[in-house]
Structure formats: C-alpha cells, structure tokens
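In: Sharing a sequence plus its predicted fold:
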Amino acid sequence: MKNCNDVMEEYLSLDKGERIPLGITLHLLACKKCRAQVRLLRRAEKSTAPDSCRQTALDDAAILAVMNKITTKSDSQKNPISLSKWIIGGILMILLFIAFSVFAKPGANHFITVYTYIELAALITAYCALFIRSNMDFFVKKINSKISPTS
C-alpha cells in the first residue's frame, strides 16, 4: 500500500484537468489528511486562476502577429502533388495489381503469389494512407460541409 507522501507526489505530477487514477482516488476516499490537502490545493488554484485569465484587447500586437502567422500558408503546408495526380497514380497502381493477377502463371508457386498479393495490398494501403494524410484539409472541409451546410 502506498503511503500518503507517494500518493501526494503522484497527485501533484498529474496535469491540470487530467483524470485522477483509481489508486489515488481510493486513497483520497480513505485518508482524511490527503483529502484535506487536495481540497486546499484546489482552493489555492481557484483563488489564483483569475489573475492569469485577464482579457487582452483584440488589436494587441502579439495577437495580430499570431493571427498573421496562422492565416499565411507556409511552404510546408502547401501540397506539392495535385489531387488529380494522386488519383491517376492510385488508378494506375490498381490496374497494375489487376494485370499482375491476370498474367500470373497458374502453375507458379502459391507461396510467392500470396506473398506478392500481400505486398501489393500493403502498398495500396500505404498509398491510401499517404493520400489521406497529405490531403487532410480537403477531407476535413468535405466532412464539415456535410455536417453543417453553409446557408
């Protein structure tokens, strides 16, 4: 069983708003001293919170600089491969997959054929994952337009 010092160290190592683990919760239910310490810590946090939540004017220079940095696209955010090239590449890969299955010799080693099919399936899966990851903005916009249509 953990002693009170270990429990309080573990509690203090938690991030703000993080769920309290079951072991700590059970100890706090059983130990009146630790429960009082946690209650005092929460009161202290609440009493100091309003000082850090002061309002800043919307025309503040720091806010404007951050907004300008967010709204301007950097070179790393631009997609170097167009959507049509992704689709053409995917269709070409699937056609080659079908061509392989048609032209594969029926008398060939079945182990090699199955292994090749697994490799091609992994390649297509990786290709689709890269396609979705590199065009995430497009998919997010499509999903948002389906969920909340603009009026």
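Out: Yes, it's here. If you're wondering where the values come from, they're calculated on a predicted model, not measured in any experiment.
In: what about the residue most central in space within the chain, which helix or strand?
Out: Closest residue to the average C-alpha location of the chain: Arg133 at 11.4 Å, with C-alpha atoms, centre = their mean. Using DSSP states H and E, the element containing Arg133 is helix 110-134.
In: chain center to that helix, what's the gap?
Out: Its chain's average C-alpha position is 24 Å from that of helix 110-134, according to C-alpha atoms, centre = their mean, to the nearest Å.
In: Could you list which residues are in contact with the residue nearest to the centre of the chain?
Out: Going by C-beta atoms under 8 Å, 6 or more residues apart in numbering, Arg133 touches no other residue. For every residue, glycine as well, the C-beta is placed using N, CA and C.
In: Do a quick rundown of the helices in the chain.
Out: 4-12, 22-30, 32-52, 61-71, 83-103, 110-134, 136-147 (DSSP state H).
In: Let me have these in a markdown table, adding mean pLDDT as columns.
Out: Below are those laid out as a markdown table (pLDDT from 0 to 100):
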| stretch | mean pLDDT |
| --- | --- |
| helix 4-12 | 90 |
| helix 22-30 | 89 |
| helix 32-52 | 83 |
| helix 61-71 | 78 |
| helix 83-103 | 83 |
| helix 110-134 | 85 |
| helix 136-147 | 74 |
